[in-house]
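> After the sequence you'll find the predicted model.
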Amino acid sequence: MKFSIQVNEGPYQHQATDSAYQFTKAALEKGHEIFRVFFYHDGVNNGTKLTTPPQDDRNIVNRWSELAEKHDLDMVVCVAAAQRRGIVDEGEMQRNGKDAENIAPGFRISGLGQLIEAAVQADRLVVFGD
Amino acid sequence: MKFSIQVNEGPYQHQATDSAYQFTKAALEKGHEIFRVFFYHDGVNNGTKLTTPPQDDRNIVNRWSELAEKHDLDMVVCVAAAQRRGIVDEGEMQRNGKDAENIAPGFRISGLGQLIEAAVQADRLVVFGD
Amino acid sequence: MSEDIKKFMYVNRRAPHGTIYAWESLEVVLIGAAFDQDVSVAFFDDGVYQLLKNQDTSDIETKNFSPTYAALGDYDVTKLYVEQESLEERGLTIDDLMDLKWEDEDEDWAEKDSIRVVSRAELSSVLDQQDVIFSF
Amino acid sequence: MSEDIKKFMYVNRRAPHGTIYAWESLEVVLIGAAFDQDVSVAFFDDGVYQLLKNQDTSDIETKNFSPTYAALGDYDVTKLYVEQESLEERGLTIDDLMDLKWEDEDEDWAEKDSIRVVSRAELSSVLDQQDVIFSF
Amino acid sequence: MSILHTVNKSPFEKSSVGSCLAHALEGSSILFYEDAVYAVLKGASIEPLVAGFDGVKLYALGADLKARGITDDKMIDGIEIVDYAGFVDLSAEHDKVQAWV
Amino acid sequence: MSILHTVNKSPFEKSSVGSCLAHALEGSSILFYEDAVYAVLKGASIEPLVAGFDGVKLYALGADLKARGITDDKMIDGIEIVDYAGFVDLSAEHDKVQAWV
C-alpha cells in the first residue's frame, strides 16, 4: 500500500516527528511504499543540518536523512513554511539574498502542491502533529 | 522596574513571541529596564537570520534585532536548546564542525545559568509560551 | 497523476491567531483548489472561532487572514461545515459568523451560502464519507 | 550579583515525553541548583505524570530523563510539591510515583522524603509565597 | 503577596484556564490574553465559572479581543480591558507573574 | 467506510480525546498514542467515558505506554496494545486516518 506522511512539528519540542519517523520506518519494513513525507508548519525545522543534539540522545535530523537515503524517500519541506522559519537551500539562499543555507541531506524545498499531490497519489495520508 | 522575559516558542507557529515582543516594547516605552530576554525551548528559533516571511507579514526576527539595537537589549539564546534545534553562531559552528552559522544580529548564545541570573537580578520574570 | 477525484476534507479544530495552524491550513485549501478534487472544509471545536466576524489583528500586528475565507467561494470551495454543538458551547450563533457566499454557475450565478450548520451526528457522518482527511 | 536569596518555584504542569518541556524544565532546575536560591518544584495537573515509576523510553527511542529526578536530592532540591487533587483525578496515588529521597546533613544524613503531597489549597498558598515562578 | 496569573489558551482547547481559576487565591488577578480571551465571551458554557469568580480581578488584553472579533457587547460583565502597557503595569503592581503555559 | 482516529494528547490537558470520542462512529477505531495513552489509565476520572464506549475498537501504542510507566495491570480492560507495525496495519485496514491534532 502507498502511504504519504505529513509532519507538523519540529524536532525535539514535540514527539510528533519521532512518531512519524517510527511509523514511516515500520511501514517500509512491512514492505509498504512511502510516496512522500511532507514537512509543514514547524515540521520544516526537521530539515536543518545545523543541529547538534547531546551524545546520549537520538539525532532526529540525521535519522530522517539516513532513512531517506536507505529507502530513496521523497522528503519535501514546504517552501512557504520554510521561509517563515528560516530553512534555506542553495536556491532559496540566492533568491532571498541570504549568506548561508542549512538544508539537511535528503530534504528538498518545494510548494504546498506537493502535499496535495501526496494525498491524491497515496492510498493513505497519515498526519503527525501537536 | 527591572524585567526579565522568557520566550518558549519559535516565530510564527505560536503567538507567544509576538506577545513577548509587544510586552517588551511596551515596558521599554514606559521607562522600565529589560534586564534580559531569554529564548528557551523552540524560542531559540527566534534567533535565526535565515527567515524570509511574506512581504505583507511582520518580520519577527528583524523586529527583535531592531528592538535590541535601539535599546541595547541583552537577548540570550539557550545553548543546549539551540544545539538541539540548529541555531548556531560562529563559535558553535567551529566547535560542532558545522559549515554555516545562522544567528541573527543582537542575539547571543549562552548557558541556562543566564536564565537563572535573569530571574535573580530582575524584579519580575515574565514567561511567554504555548 | 491519477484521474480519480477524491473527497478531500480539511478539518479545522483550532482557534485563529494564537497559533498559525488556521492560517497555514487555509493556505493548503487555496492551493488544493487547483487540483480538481471534491473539497469540503469542517469547522468544529475551536475551529468555529476562525469564522467570527470583525477580526482585526492590527493591534497584535500579525497578518489578518480572516478576509481570505470570503475568497473560498471564488476557488470553488463551497462546502463549509460548521458544527452546531461547537457554536452553542461557545455561546455563538450563525449570526456571529462571516456571511460566506459562492455563485452557482449552473443556476445563472445565483448567490448561495457556503456555510452549512450541521449537528455533531451529521458532521461525523460527513467525515466518515471522505477519502482523505487533512488535519493541521 | 545580588546577595539576596529568592524563593524560586519551578512549575510543572505538563506530561513527559509527548513534549520536551518536562525535560528542559528539569535541566533548568539542575543548573539553577548552583545558584543558592530557596528552591521548590511543583507537580500538578499533568505534571504529576513526570514522577510515575517504571518509565522506559527505549521503544520510542527518546532520551529517558526520568531517572534524573532521583538526583534532585543530591542537588539540594528537596521540596517537591505534588498536588493530591491532580493525582486523584488521574487515578494515581503516591505509591505510583518514584520514591525520591534526600539526605539531611543537619540530622546526621538521615534519609527524608522529597515528595510532599499537598492539597490544591495548600499548593495555591505555596505558590503565593514565592518570589519567582518559572513555567515551561 | 499577590500573583498576576496570565493565561493564553482557549478554555475549550486546553485545561489551563480551568486550572488557573481553580488555583487563584483571593487578592490575585488573572489576565486573559491570546486565545484565552475566548473565556470572556458571554453565553458560553464556561460563563458561570468565569463570571462567578469572587475576590479575583479579571482582565483581558484588548489587542487580542479585537483580533478575534470579540466586541465589548459580547463580553461577560466586570472584566477590565487592558493594552500591552496595562499588561506591563499589572506585572509591576503584583509581586510576581505566573504564566499558565 | 471506516476511520482510524489517532489521538496524541492527554485527555486532561487538551480536549482532543473528548472530541474524538464524541465524534467516533460505530465501526471506527481509535488509537491512543503519545500523551493520549494516559486516557487508558484505570481509576481516572475519565474512565467511564473511555471504558463505556461501545461499537468502537480502542487501541493504545505499547511503546508510548512503556515510556510513561503504564503497565498492563493499570490499564482499562478491553484496550488492545499495538506496536508501530500494528499502527501501520490499522492505517491500512481502515479507509482513512483522521489525526485529532
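Yes, it's here. It should be emphasised that the depicted structure is a prediction, and the values quoted were computed from it without experimental measurement.
> Could you tell me which residues make contact with the one residue in chain A that gets nearest to chain F?
Proximity of chain A to chain F (Cβ to the nearest Cβ) peaks at A:G129, 3.4 Å away. Every C-beta, even on glycine, is put in place using the N, C-alpha and C of the backbone. By Cβ atoms under 8 Å, 6 or more residues apart in numbering or on different chains, the contact list for A:G129 reads A:Q6, A:V7, A:N8, A:E9, A:H14, A:A16, A:H41, C:S135, C:F136, F:N8, F:A99, F:V101.
> Give me the pLDDT for it.
A:G129 carries a pLDDT score of 98 in this model.
> Now it. Its backbone dihedrals?
Here is the backbone geometry of A:G129 (degrees, to the nearest 10): phi -150, psi -160.
> re the thing from before, now tabulate the contacts of A:G129 in JSON lines and tack on distance to chain E.
Putting the contacts of A:G129 into JSON lines (distance: Cβ to the nearest Cβ, whole Å) gives the following:
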{"residue": "A:Q6", "distance to chain E": "21"}
{"residue": "A:V7", "distance to chain E": "21"}
{"residue": "A:N8", "distance to chain E": "16"}
{"residue": "A:E9", "distance to chain E": "16"}
{"residue": "A:H14", "distance to chain E": "15"}
{"residue": "A:A16", "distance to chain E": "17"}
{"residue": "A:H41", "distance to chain E": "17"}
{"residue": "C:S135", "distance to chain E": "14"}
{"residue": "C:F136", "distance to chain E": "14"}
{"residue": "F:N8", "distance to chain E": "14"}
{"residue": "F:A99", "distance to chain E": "16"}
{"residue": "F:V101", "distance to chain E": "12"}
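> Show me which residues of chain E are close to chain B?
E:6, E:8-9, E:33-35, E:63, E:83-85, E:87-89, E:91-92, E:96-97, E:99, E:101 (Cβ under 8 Å from any Cβ of the partner chain).
> can you do 10 Å?
E:4, E:6, E:8-9, E:14, E:33-35, E:61, E:63-64, E:67, E:83-89, E:91-101 (Cβ under 10 Å from any Cβ of the partner chain).
> Can I get the buried part of those as one ChimeraX selection?
Of these, the buried ones go into a single ChimeraX selection, burial set by 16 or more other Cβ atoms under 10 Å in any protein chain shown:
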select /E:4,6,8,9,14,33,34,35,61,63,64,67,84,86,87,88,89,91,92,94,95,96,97,98,99,100,101
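> out of the residues of chain E next to chain B, which are inside helices?
E:A63, E:D64, E:A67, E:Y84, E:A85, E:G86, E:F87, E:V88, E:D89, E:S91, E:A92, E:E93 (DSSP state H).
> Wait, the third one touches B:S19, no?
Put plainly, it is E:A67. No: here E:A67 lies out of contact with B:S19, judged by Cβ atoms under 10 Å, at a distance of 11.2 Å.
> Report the set of residues contacting both of the two.
Counting by Cβ atoms under 10 Å, 6 or more residues apart in numbering or on different chains, the contacts common to E:A67 and B:S19 are C:G18, C:I60, E:E34, E:L61.
> Helix, strand or coil: sort out C:R116 for me.
strand (DSSP: H, G, I helix; E, B strand; the rest coil).
> so what's it bridging to?
Note on C:R116: beta-bridge partners C:Y81, judged by DSSP bridges.
> That one: neighbouring residues, count only.
Residue neighbour count, defined by other Cβ atoms under 10 Å in any protein chain shown, stands at 15 for C:R116.
> again, but for the one 5 residues further on
Other residues within reach of C:A121, judged by other Cβ under 10 Å, total 13.
> secondary structure element for it?
For C:A121, the enclosing helix or strand under DSSP states H and E is helix C:120-128.
> I am finished for the moment; much appreciated.
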